[in-house]
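**Q** Sequence plus predicted model, see below.
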Amino acid sequence: MKNFRSEAHRLADWIADYLENPERFPVLSRVRPGAIRNALPSSAPDAGESFEAIFSDFERIVVPGLTHWNHPGFFAYFAITASAPGILAEFLSAALNQQAMLWRTSPAATELEDVTLSWLRQLIGLPDTFEGVIYDTASISTLHALAAAREAAIPDVRARGLSGRFEPAGVRVYCSEHAHSSVDKAVILLGLGHDAVVRIPADAEFRMRPDLLAAAIDGDRAAGRLPLAAIATVGTTSSTSVDPVADIAALCQPAGIWLHIDAAYAGVAAMVPGYEWMLRGAEHADSLVVNPHKWLFTPFDLSVLYCRRMDVLRQAFSLTPEYLKTAEAEAGVRNLMDTGIQLGRRFRALKLWMILRHFGAEGLRAALAEHMRLARVFAGWVDASDRFERVAPVPFSVVCFRLKHASDADHARLLDAVNASGEVFLSHTRLDGRYVLRLAIGNLATREAHVRRAWDLLNIL
Ligand SMILES: Cc1ncc(COP(=O)(O)O)c(C=O)c1O
């Protein structure tokens with residue numbers, strides 16, 4: 001590119017304008033399926049094109065097909081923020097093109113990851129017996145945690161695999177009926193068979209029942225099955241309920257069952273004074289995942305796996321061909337390729353480091369506390385309403401609610417109408433078999449006026 005400097009300036013301006021006012025776009029894209037594909041040529045151009053032409057098509061064709069996760073009216077799923085320091089770090093990371101498979105291929109990326117994850121670990125109150133590693137998503141973090149659990153529980157699994165070894169009884173992985181589907185995918189991928197997943201019923205507040213977990217473990221033991229791992233969720237996807245970690249740990253630890261905590265969304269809230277309770281007992285877990293790309297203002301993607309038995313994870317994944325051998329590895333430096341399935345590693349730690357420094361612990365705590373305050377404000381409106389009712393406690397920044405006396409179809413119609421406004425975007429789930437609307441707060445630009453607008457739209461449409 002001949003004019004990189006001027007194009008970079010132009011892009012920086014475009015991005016700054018975007019971040020200042022994402023509300024000029026509808027939060028939920030209005031394009032129809034196929035619209036973007038049909039607007040583009042079916043094969044790549046023979047001759048290179050100017051950046052001018054490419055960027056013009058970006059604005060004309062691509063932008064209308066964007067759903068704006070950085071919009072303050074984004075209240076669907078788990079709302080997130082690509083904060084300014086994180087975006088700048090992504091610029092740098094792209095330009096520097098670090099590939100941190102080995103310590104020597106990026107000493108800075110390797111060591112900054114260590115330091116930054118130690119800072120985050122301290123902020124959420126995990127002891128220094130946990131070592132951290134960055135992956136792209138919580139699904140991959142959980143996959144690695146369960147691979148370590150398999151490595152710990154099944155002798156020689158790395159060499160001999162699984163085939164025929166646990167028939168007909170099988171192994172078991174326990175989680176609540178509200179656990180994320182990434183648990184199922186990990187179990188399937190690890191060759192344990194989907195039937196290995198045992199979903200333990202929850203109580204009236206959607207928390208796993210430890211008495212039923214204990215009964216399941218006893219029953220499986222008696223039947224000759226191998227209880228391999230349990231997953232406690234801190235902030236379930238639908239309602240953000242918190243499984244009783246300490247009670248679950250008390251069952252798992254003496255039984256040698258690997259305990260993995262899925263705190264992908266809510267884990268960061270443990271840094272807010274008054275919320276330490278949510279990870280009580282986590283010190284006895286074997287691993288824990290938390291996603292800064294969910295609620296710590298980090299541009300997608302960045303997930304952190306903390307593991308108390310990183311040696312087991314390394315045992316499962318470390319494999320060094322001749323061409324990757326280095327003298328410093330012999331001397332004990334950390335090579336990030338040893339703690340995962342990937343060889344190549346992006347420089348993700350840079351954005352988390354810049355975010356932790358830019359906001360400081362106080363800034364992060366204040367932003368999280370404000371999101372939780374806004375959720376309580378919205379919950380208060382729901383509770384005082386004749387038209388709506390709340391269907392779950394609000395421990396963090398998500399409110400689950402529904403229309404009183406209305407069908408699933410009525411709810412779906414209301415959701416579509418509200419989302420068609422382009423001003424806000426909410427999503428839904430199902431709890432106790434009923435259709436439930438969800439409002440999730442997690443964007444740094446979201447103010448009470450945005451939450452109020454969502455409430456007004458829900459009431460006038
Ligand atoms: C509790 C929980 N765990 C795991 C995940 C998967 O996250 P990721 O998209 O990072 O794989 C989600 C996604 O929302 C989640 O809510």
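**A** Thanks, I have the structure now. Residues are numbered from 1 along each chain as shown.

**Q** Show me which residues of the stretch 201-350 of the chain are close to the ligand?
**A** By the rule Cβ under 6 Å from any ligand atom, the part of the stretch 201-350 of the chain lying against the ligand is 233, 235-237, 262, 264-265, 291, 303. Where you see a C-beta, it was placed from the backbone N, CA and C, and this is true even at glycine.

**Q** and the residue of the stretch 301-450 of the chain found nearest the ligand, what is it in contact with?
**A** Here the stretch 301-450 of the chain gets closest to the ligand at one residue, S303, 5.2 Å apart by Cβ to the nearest ligand atom. S303 is in contact with 134-138, 140-141, 264, 289-293, counting by Cβ atoms under 8 Å, 6 or more residues apart in numbering.

**Q** Please report the distance of H178 from the ligand.
**A** H178 sits 9 Å away from the ligand, taking Cβ to the nearest ligand atom, to the nearest Å as the criterion.

**Q** where does the stretch 251-400 of the chain dip in pLDDT?
**A** The stretch 251-400 of the chain contains no residues with pLDDT under 70.

**Q** Just the closest residue of it to the ligand, please.
**A** A264 (3.6 Å).

**Q** before we move on, the earlier item: please dump the residues of the stretch 201-350 of the chain next to the ligand into a markdown table; it should also carry secondary structure for every row.
**A** Listed next are these as a markdown table, based on DSSP: H, G, I helix; E, B strand; the rest coil:
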| residue | secondary structure |
| --- | --- |
| T233 | strand |
| G235 | coil |
| T236 | coil |
| T237 | coil |
| D262 | strand |
| A264 | coil |
| Y265 | coil |
| N291 | coil |
| S303 | strand |
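
**Q** phi, psi of G360?
**A** The phi and psi values for G360, taken as degrees, to the nearest 10, are phi 70, psi 160.

**Q** Just the helices from the stretch 151-300 of the chain, written as ranges.
**A** Under the criterion DSSP state H, counting those that start in this stretch, the stretch 151-300 of the chain contains helices at 157-160, 181-189, 210-222, 245-255, 292-295.

**Q** This protein: strands as residue ranges?
**A** Per DSSP state E, the chain carries strands over the ranges 131-135, 171-176, 197-200, 226-233, 258-262, 287-290, 303-307, 388-390, 398-403, 427-431, 434-440.

**Q** Quickly compare those and say which is most buried.
**A** strand 287-290 (a mean of 29; mean count of other Cβ atoms under 10 Å).

**Q** quick one: strands adjacent to that one?
**A** Strands adjacent to strand 287-290 in the sheet, as given by DSSP bridges, are strand 258-262 (parallel), strand 303-307 (antiparallel).

**Q** just how off-centre is that strand within its chain?
**A** When C-alpha coordinates are averaged (Cα atoms, centre = their mean, to the nearest Å), strand 287-290 and its chain have centres 10 Å apart.

**Q** related to what we said a few turns ago, bridged to the residue of the stretch 301-450 of the chain closest to the ligand, which residues?
**A** Bridge pairing for S303 - DSSP bridges - gives Y135.

**Q** quick one: it from A109, how far?
**A** S303 sits 16 Å away from A109, going by Cβ to Cβ, to the nearest Å.

**Q** Test my guess that R434 contacts E389.
**A** No. With contact defined as Cβ atoms under 8 Å, R434 does not count as touching E389 (10.5 Å).

**Q** Pull up the overlap in contacts between these two.
**A** Shared contacts of R434 and E389 (Cβ under 8 Å, 6+ apart): R402.

**Q** can you pull out the helices in the stretch 301-450 of the chain?
**A** Using DSSP H, counting those that start in this stretch, the helices of the stretch 301-450 of the chain run over 310-317, 327-330, 349-384, 408-420, 448-460.

**Q** got the contact list for Y18?
**A** Contacts for Y18 (Cβ under 8 Å, 6+ apart) come out as N70.

**Q** so how far is the ligand from it?
**A** 23 Å.

**Q** What of G73?
**A** For G73, the distance to the ligand equals 19 Å [Cβ to the nearest ligand atom].

**Q** okay, now that residue: neighbour count?
**A** By the criterion of other Cβ atoms under 10 Å, G73 has 27 neighbours.

**Q** Just confirm it contacts R453, I think it does.
**A** Yes. The pair G73 / R453 is scored as a contact, 7.1 Å apart, by Cβ under 8 Å.

**Q** Now do the shared contacts for the two.
**A** Residues touching both G73 and R453 (Cβ under 8 Å, 6+ apart): 423-424.

**Q** for the stretch 51-200 of the chain, what are the low-confidence residue spans?
**A** Those would be 168, if you go by pLDDT under 70 across the stretch 51-200 of the chain.

**Q** List, one by one, the residues from it near the ligand.
**A** For the stretch 51-200 of the chain, the contact set with the ligand under Cβ under 6 Å from any ligand atom comprises 78, 137-139, 180, 182.

**Q** Out of the strands of the chain, which gets nearest to D416?
**A** strand 427-431 (10.4 Å; Cβ to Cβ).

**Q** I'd like to know if the closest one reaches the ligand anywhere along the stretch.
**A** No. On the criterion Cβ under 6 Å from any ligand atom, strand 427-431 is out of touch with the ligand, staying 10.8 Å away.

**Q** Now do that strand, average pLDDT.
**A** For strand 427-431, mean pLDDT is 98.

**Q** helices and strands around that strand, which ones?
**A** Counting contacts by 3 or more Cβ pairs under 8 Å, 6 or more residues apart in numbering; DSSP states H and E, strand 427-431 packs against helix 408-420, strand 434-440.

**Q** what pairs with that strand, and is each one parallel or antiparallel?
**A** Neighbouring strands of strand 427-431 in its sheet, by DSSP bridges, are strand 434-440 (antiparallel).

**Q** And the ligand, is the strand it pairs with touching that?
**A** No. Strand 434-440 lies out of reach of the ligand by Cβ under 6 Å from any ligand atom, never closer than 9.9 Å.

**Q** now the angle between helix 408-420 and that strand, please.
**A** Orientation check (axes from the mean of the first three to the mean of the last three Cα atoms, to 10 degrees): strand 434-440 against helix 408-420 gives 20 degrees.
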